[in-house]
Every structure is written in C-alpha cells, then in structure tokens.
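Student: Generate coordinates for the sequence data below:
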Amino acid sequence: MSHGGRMDGDPDTIITKFLAVCKSYHLFQLTKFYWHRLEQAIQEEVDGVSSLLKDKKHFNEKEHLAITELVEKGNRADSSKLLLNLVMEKDPQAQRVMWISFVKKRHASSKLDEILKEIEEHGLDPFHYMDMVRNLSEIPSHLKGVQQKHKESLRVQTEKLRVNTILIKEKVKIFQLVDRYTELAVISPVRGRALVEDELLARGRDHEEQREKLLRTELETIQVDQLFQCNISRGKSKPGISAVISGVPGIGKSTMAQKMVYDWATGKIYPEFQFAFIFKFRDLNALNCRINLRNLILDQYPYFGNILEELWKNPEGLLFIFDGLDEFKDSIDFSDSRRDTEPQFMCTDPECWCEVSDIVYSLIQHKLLPGCSVLVTSRPTALHLLEKAEISIWAEVLGFVRDKRKEYFNRFFEDQTVSAAVYKYVEENEILYTMCYNPSYCWILGLSLGPFFTQRDRKQQQVPKTITQLYSYYIYNILKNHSRPIENPSDVFLKLGKMAFTGISEKKIVFRNGDLIQHSLQPSQFLSGCMMELLERDYSAQIVCYTFPHLTIQEFVAALAQFLTPDPRDIQKLLSEAYSKEDGQYEIFIRFVVGLSSPQSARPLEEFLCKFLHQTVCQVIDWVNDIVKGQIGNTKTIIAKRNLLNTLHYLFESQNKSLTRNSVKDVETYSFSDMRLTPVDCVVLCFVIEFCDSLKELDLENCYIQYEGLQQLRPILHKCRELRLGSNKVGDLGVKLLSEVLRNPDCKLQHLGLNNNMLTDSCADDLSSILSASRSLTVVNLNDNKLGDSGMKLLSAALRNLNSKLQKVELRGNHLSESCAEDLASILNTNQSLIELNLGNNKVKHLGVKLLSSALMNPHCKLQKLLLYRNGLTKSCVQVLSSALNTNQSLIELNMNCNNLGDSGMKLLCAVLGNSDCKLQKLHLCNVNLSDSCAQELSTVVSTNQSLKVLDLGSNSFTDQFVPAVIRLIQTCRCLELIELWGNQFSPNGKRHLKSLQESRGGLTVSFGESFSVMDRPDNDY
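Tutor: All right, here's what the predicted structure looks like:
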C-alpha cells in the first residue's frame, strides 16, 4: 500500500488481499459507509451474491429463497436491502465473503466497480474520515452551551412549514415540517450545468428520461445525510468542501435545505459539524453596504457574541448553507483572477469588511476559513456562475419518485379519502401525473382538485383533464374564496397579465413596485391579501417584491390577459411571433392561450371575470387551424416532428372537437419515429387521431412509449392500417392489449410492426390470437424478440390457419433453432398467402433447412422470398436446398448471407442457377467464405441463367484473379442488373476495370462502395 492509503498492483488481487486482512470492525464500518450506494450497486447481481453466501454456508435456504423471490417479483431494490441486512446480522466472515463476491461481480456492475475503485484509490481513507468525524463531533465544553442554544434556535426556526392556501380566512397554514415533508430523489452529479428554465411538459419528458436512466443504473442517487461523505469518492478525504444542489423551480430545494438544518439541529445528521449557519440569498440582497462574516452571523444569530473567535479556530466543524443563488442580485465571477490578487476583492479573514459576494466567493473557494464546508442551492439557470468554482460535489434534485408522489398527497390532505380520490384521478390522467415529480405542481394540483372531491354537488365530468382547465380552477378557487368583492377584477387581471407577459418576454419572475406602477397596478388588499396565494411577497430591504408561485402560473395569467383585452386585433400576430421562437420560451404560454379558447376552461373564470371576447376566441381557433394544417406532413426531421407534436398539444388543450376534426380529418400519416414520446404525448395523439377519417399509417418506431403509452393509444389503434411499434419495449402485456384491439370488428390493421419489443414465449398465445382473429393483417414484424421454439410452436398453429391473409412474416433474431423447423415447414406446406419469410439471425442449421426444403417443393407453397442469413448453414445445407430450388416455381429471392457455405457450397448453387427451371432473381451471398476457386463455375454455369437480376458477393475473399470471371458473367448474363462486390480484395485497378463495365452495358450497376449488403442491413421496414 502506497502513501495516503492508495493500493498499487493488480486491482482484483490487491483488493482481495486488502479484504482478507481488513479488521472486522473496519469491514463493518466500510459496509456502513457505502451502505446506500451498495443497495443500488448490487441490485442486478443480488441473486448471484446470495448464491455465493449460501454456498459458503452463511445463508440458509430460507434466507436465499427470500432474496430470490423478491428478485423474481422485480423487487430488486428490496432484495438488495434484505441481503445487506441479513449479512450484517451474521458473523464478520459473512461480510468478508460478501465483499469478495463484489470483486467477482464488479465487471457486471459499473456502480460496484466504481465503489471498489474508490477503495483501491483511498484504502483506509474512509476509516480515517470516520475517525475524524468522531473527533470533530467532540465539542469543547465551553462551547457546549452556545451550541445547544444555537441548535434550539434553529430547531424553532425550521420546525414549522408555512403553506399557502386559497382561503382568505386562512391564507397560510402552519404545519410541523416532519409531518409535511416528503423525501425527494437526489442524484449526483448534475446532468448538465447549462440547463435553461424548463417548460412544464418538457420537464416532464426530461424527468421520465432521467427515471429510465436510473432504472438502467446509469445515475446514482445519494442520501442527503451522506452528501458530504461523497467527498471521499471525489478523491479528497480532508474536511472542508463546497457542494451544490440544483433543481428546477418548485422542486423543493429550499424546503430540503430547511429540513437539513432541522435534522442537524435535532442531532439526526452531520455530526461532523459543530455549528451550521443558513442564509437565504434573497435576504442577503437587503445588505447594500460592506460587511464582514462576523457581523453577517451576528445579525442573524446575535447570541454568539464574542464566542465566534473560538469557532474560527476550528473551521472544519463549520457548515455554511446559502439558499437560492439564482435570487442573488449580485454576480459572483469565479473566473475573475482579480479576486485572488487585488486587495479590494480579497476576503481571507472573518473580520474583513467587504461585499457579501466576496464573502460567499471566499467561503466557496476555501480562502476564508479554509476547512469549513459550504452548501449552495440554485436553479439550473444560475449554475454557470459556479463552473469555475472549486465545487467538490454537484447534486441535482429530481423530485418525487412514484411512491413519494402518493405520499405527498397523503400528507397534503387531512382526509385520506379525499387524498386517495385526488391521487387516483391524477394517476389516471397522464397529463396531470407527469407534473407530479415537482412538489410545486403537486401543491397546485392539491389546491385545484381538492374541492372537486370534497363538495358532493360537484359533477365528476367537470374535473379538469387539461393543464389549462386545472389552472383555470386554481384561479377560480382563489376568486371564489376572496372575502370581499374585488372592484373590476377583469381590469386587475388584464394589467397583471400584461406584466406577467412582459416578465416572460424578459425572462423575469420577480416584480417590484416599479413594475406594478409601469402596468398601472397599485399595492392593494387584493394583491396583498387574496393574491397572496397567487403572488408571493418578499419584504427584504423593505421593498415589496412579488413573484408568482411558479413560472407556469405566470404564463397562465399572461395567457388569460389575452382574452380580457378589449382590442384583440393583434392576437394572431402575437401568437405567430411567439410560435416562431425556437427556444420554446413561449411554448406553455401558447398552450394556455389555446386552452382558454375552450368553454370548459373559460366558464369557471367567466363567473368572476368578464365574458371572454368571442372575437378573440375565433381568432385563436383560426390561428391554431392554420398552424396545424401547415405543420401536418412535415415530419422529415426530429425538430419538425417535435413542432407537429406541439401543435397537436394545442388541439388537446383546446378540447375543441370541431376544430380538431377540421384540422386533421384528412391526415393519412403520422410519423414520430425516433422521437421519445411520453404517456402524455400518447394521450394527445389518441385525442387527435380519434378525429382522423383517413388514417393509413401511424409510425411510432423507436419512440419508447412502453406499455403505459400503448395503453393511452388503445382507443384509436383499430383505425390504423399500418402500425409501426418497433423498439418501444411494449413487452408481453402490450401484445395482450393489441390482441384485444384486433378483435374490434372495425379494425383495419394490415401491417403490424412489433420488432425489438422484449417479447417472449409468454405472449405467444396472444400473438396467435392476433394472427387468427385478424381478417385484414397482411404483414407482421416480430424481429429481434425472444419468442424461442416454444413461442414459434404456438404461432405456427395460427399461421397454418386457412383463412390467414398474412403475406409477410419477420422472425429475425428470435432464438429459433432446429427444434422448431417442423413447425416452420408446416406453415409453408399449409399457408398459401405467405410470400415472404425472414428467419435471419437464428440457428435453424442443417435440419431446419432440410425440412424447409421439403416444404418448398410442395406445389402449394407460394413463398417468394426466404431470408436465412446468420443461421449456421454450411455446404451440406446447400445440398439439401438445391433440389427445392430446382423444383420451386415461386421463390425469386434467397438470402444466405453470413453463413459458412464456402466454395464447395457456391459450386452447388451454381449448378442450381444453371438449371433453366430455377426462378431466382435475387441471390445474396455476402460473407459466406468464397474465394477465387469458385470463379470458373460462376462464370460458365451461371452465364446461361435467364432470371438472375441481383447477385450479392460482398465481403468475401475475391481478388483480381476473379475479375475475368466477373467480366464473362456480366457479358453473358444479360438479365443481371446489380452485382455487389464490396468488401473483397480487389486492387484499385481491378475495381476500375470492373466499374468500367457499367458503361458498356446499360442498366447494370457494379457496386464496391457499400458497407453492408443491401439485404443484411438492420431492418428498417416495420
């Protein structure tokens, strides 16, 4: 072991030796130190680790079974927790065996490998760190009194949570923080520091993508109480680090910071810190003069008095939390070298008088009180300010995971019956459910939806189902619960909306008195009372600041103002200008404008505001109609597809059936391939396609819709003639759903693409049902699934159905072997509609080809195209296939790419091609191990063939010696249109000579430039 604890040598050997000699106590501490990360890291390998512990007699059969049962049920997270808990109850040797198994499994788990690399890097450093934590937590006796007073002060300061309501008599409710706080998911590192303010639904897509990455173990969640332990894994074991927690507006950063301080004050977390101080940047904005760190602390915590000098002596025990960097009025430039050289910018002493920004800079950069730790929270928009800072840990708040969403609503409503009803409604409405990763959205949902489930006279169908309707009821409830009549509320909202729109245009979310005056708004009881629920007030520096609870509420009020203005002449111009902005700055604003044209959204607001101008509504509807029609059909690029999807979202928000029908009734194709769609998008597509009268194709190839998205599309799937669902992970459950769709007597489906969808033999019964029930289906693509021989056996029964109209069946890469060859042959013997069969990338081998050949000789077999590439075929397979090729009168295309046929196999094929009864027009022999030895047969025998049009000889071992044979073949085989010779060993002169033959024979192409054979590329059809 080298200096600093680092271990040198072969990683696996060294760490195994390290674990063998590691003291039991240290091994226990090591496991505890990495506990949370191990829970994530071993999830994919937990059954293997459990098996090893059972083999070594540390687990009994019952314990092992308990773990494997959880794995089989898909509860890998619970299984890894159970394994760790069981091991910790055993003797120390069990822990040693567990860690040794981790070494064996490290290459299968990147997270496990990362942990072991850290141990290799730091050796005993974690133990030193833990010892240091114990030492730091031992506070001198003369400081215990002030520490206790400080903790009590912070506990009182943070134990309450203020929550806005929509009730004028109870504008703010006070809750115990521990009763209301719901844990948020935090990841490290941050996904990207250059994020912009995220739109509501766009953020929803981002979050879903992030969740999938978490499921694929690409990101690592961290526990807040272990945030500063992450420093060990960043290669620095000394105390004194700077950390950043970022997150979009409303995600819960400030509440998380409050909970951290509360937990420290009550002794639950961070024992290594003797004192913690929290400052809000919005409060620091009030300081317009120079100050020092001493007075900054005393202003907020005056009881420290002269004791602060004692604290400076042990900076390692200090934690400073700065909340809301994005709200700080001053700029902190970490790339400015003057801060380190010019005295007026330098702050290296707690008594040094300087700007607040200089104090924050110096603490983060460890120039002031080096050894202390600093935590900064910020929106993503301000992260660029910290790019040059000495940040050790970057973390990001992702928001609620699924079970935490439900927990939030349980805590929000005192009546659990109401909580269950609201959550069920939100969960079933994907538009609303997508919002719920963010606590701020959950708060809006709770305020808006709660009344619908507490007032018995409410009709269920009135419950909002679009974002616009939801926000309309949010404003409606505020107006309804205002105790005094508001003088001309329409005029107030018009002015407020104009200010909100200016803020959107200028990317401003905080408004001061000057902004109110500019828009003829006066501070009033309405603004400070009723509107407190709509606007949060900030009294720092004795300046009244207003901010909307969330950017989306600001966008809604800005949209609302468009319907209150007495002169709507410019509404279409305004919408067009907003729509033309490519950064999506106005996207949610436009959705709200369109949504407010709907009577369902307007009606509740019109009870308190003026009736929306009919002229404005008509202009908005006309604008949407023009935009949608202009965008339909333009789906050549991902950007164009995204623009089309946005316009369809407009139609959904409008809930205007007449507008939607007029806009899309003649649409024949929707293509969103290679664009990630959420269940929300699928809801929108379902709404729109319901009004399509002529839909021919819905292309959702590689959209990652999964089973959840397919469920949302279910009501309209029967309308499609061509449905491409490849690469969507719909799984066996998706096939079950589709089998029900195809039973619809109005089902028009002809082409169904289910390639690469994680299908197994478990769905074979449902697939058979699809193939048997459908009277219209002609093409089915099942490529790249895992149906296997057992699945094929069940499918073959349906494919033998005499009423089947299937013409093309794709079964590439389905783990088929010789065992299912008899079933395949029975299909060819019976089915007289099937003309194309793709069996590529399976293992049918000699027996399979023998049985298929026999079927091909059946005069009832109508097969025209057979693909057998990558099937382990050899010369003997060609031998049995030859008789079928000589007899069959329908087969015109054969693909045997990537099989080991060799020259002898080629000579047998040449004999077939020389037979006048052979009808083959396309023959693909790419990468089949051919050489110049078969040149003679190819040039002489094949030259008499009168049907061959395409000959693929790519990726073999032909040299210039083969050139004369090719020349003769081209000159004599007059029907030949394309010969593929790429990937061989021709010299430049040989290639030029062969290319020149194209000029002497019209209609002929000699190709050398392809990277793949035409027929052996990844399948892009269905």
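
Student: Roughly how far does the spatially closest residue to residue 276 that is not a sequence neighbour sit from residue 88?
Tutor: Spatial nearest neighbour of residue 276, excluding adjacent residues (CB to CB, 6 or more residues apart in numbering): residue 319 at 4.3 Å. Just so you know, the C-beta spots here come from the backbone N, C-alpha and C atoms, and that holds for glycine as well. Relative to residue 88, residue 319 is positioned 29 Å away (CB to CB, to the nearest Å).

Student: Neighbour count for these two, which is higher?
Tutor: Shown here are residue 319 and residue 88; by other CB atoms under 10 Å, residue 319 has more neighbours (21 against 14).

Student: Return the helix or strand that one falls within as CSV; C-alpha atoms alone will do.
Tutor: Per DSSP states H and E: residue 319 is located in strand 318-323. Presented in CSV, the C-alpha positions along strand 318-323 are these (Å, rounded to 0.1, in the frame of the first residue of the first chain):
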residue,chain,number,x,y,z
LEU,A,318,-18.5,24.7,10.4
LEU,A,319,-21.1,24.3,7.7
PHE,A,320,-22.5,27.3,5.8
ILE,A,321,-25.7,26.9,3.7
PHE,A,322,-26.6,29.5,1.1
ASP,A,323,-30.0,29.0,-0.3
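
Student: hmm, back to that, now do the contacts for the residue nearest to residue 276.
Tutor: 264, 270, 273, 275, 276, 277, 372, 373, 374, 375 (CB atoms under 8 Å, 6 or more residues apart in numbering).

Student: among the helices and strands of this protein, which has the poorest mean pLDDT?
Tutor: strand 536-538 (a mean of 41; mean pLDDT, DSSP states H and E).

Student: in the sheet, who's paired with the residue nearest to residue 276?
Tutor: Note on residue 319: beta-bridge partners by DSSP bridges are residue 276, residue 373.

Student: now it: how far from residue 325?
Tutor: With CB to CB as the criterion, residue 319 and residue 325 are 17 Å apart.

Student: residues contacting residue 177?
Tutor: Contacts of residue 177 (CB under 8 Å, 6+ apart): 158, 159, 160, 161, 258, 259, 262.

Student: Was I right to think residue 964 contacts residue 939?
Tutor: Yes. Under the criterion of CB atoms under 8 Å, residue 964 makes contact with residue 939 at 7.5 Å.

Student: Pick out whichever of those two has more residues nearby.
Tutor: Neighbour count, other CB under 10 Å: between residue 964 and residue 939, residue 939 has more, with 21 against 13.

Student: Once you drop chain neighbours, what's closest to the more buried one?
Tutor: residue 965 (3.8 Å).

Student: quick one, what contacts the one you found?
Tutor: 935, 936, 938, 939 are the contacts of residue 965 under CB under 8 Å, 6+ apart.

Student: got a list of contacts for the strand or helix carrying the second one?
Tutor: Residue 936 is part of helix 935-941 when elements are defined by DSSP H and E. Helix 935-941 is touched from outside by 906-907, 910-911, 913-914, 958, 961-962, 964-966, 968-969, 972, with contacts defined as CB under 8 Å, 6+ apart.

Student: Please indicate which of these are buried?
Tutor: Buried by 16 or more other CB atoms under 10 Å: 906, 907, 910, 911, 913, 958, 962, 965, 966, 968, 969, out of the contacts of helix 935-941.

Student: Now, those that are in helices?
Tutor: 906, 907, 910, 911, 913, 965, 966, 968, 969 (DSSP state H).

Student: Tabulate those in CSV, adding columns for pLDDT and distance to residue 510.
Tutor: Output for those, formatted as CSV (pLDDT from 0 to 100; distance: CB to CB, whole Å):
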residue, pLDDT, distance to residue 510
906, 94, 77
907, 92, 83
910, 91, 81
911, 89, 85
913, 89, 79
965, 90, 80
966, 89, 76
968, 87, 83
969, 85, 78
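
Student: Nearest to residue 919 among those residues?
Tutor: residue 913 (10.6 Å; CB to CB).

Student: Please determine how far that closest one is located from residue 606.
Tutor: Distance from residue 913 to residue 606, by CB to CB: 79 Å.

Student: For the stretch 501-650 of the chain, which segments count as helices?
Tutor: For the stretch 501-650 of the chain, the helices defined by DSSP state H, counting those that start in this stretch cover 513-518, 525-528, 551-561, 571-580, 587-596, 599-606, 614-631, 638-654.

Student: Tell me the buried residues in the fourth one?
Tutor: Applying a neighbour-count criterion of 16+ other CB under 10 Å, the buried positions in helix 571-580 are 571, 574, 575, 578, 579.

Student: What is it packed up against?
Tutor: On a contact count with 3 or more CB pairs under 8 Å, 6 or more residues apart in numbering; DSSP states H and E, helix 571-580 meets helix 587-596, helix 614-631.

Student: Could you give the average pLDDT over it?
Tutor: Mean per-residue pLDDT for helix 571-580: 93.

Student: looking at it, residue 359 is touching residue 297, isn't it?
Tutor: No. Using CB under 8 Å as the test, residue 359 is too far from residue 297 to be in contact (10.4 Å).

Student: So for those two, which residue has more residues nearby?
Tutor: Between residue 359 and residue 297, counted using other CB under 10 Å, the more crowded position is residue 359 (24 against 18).
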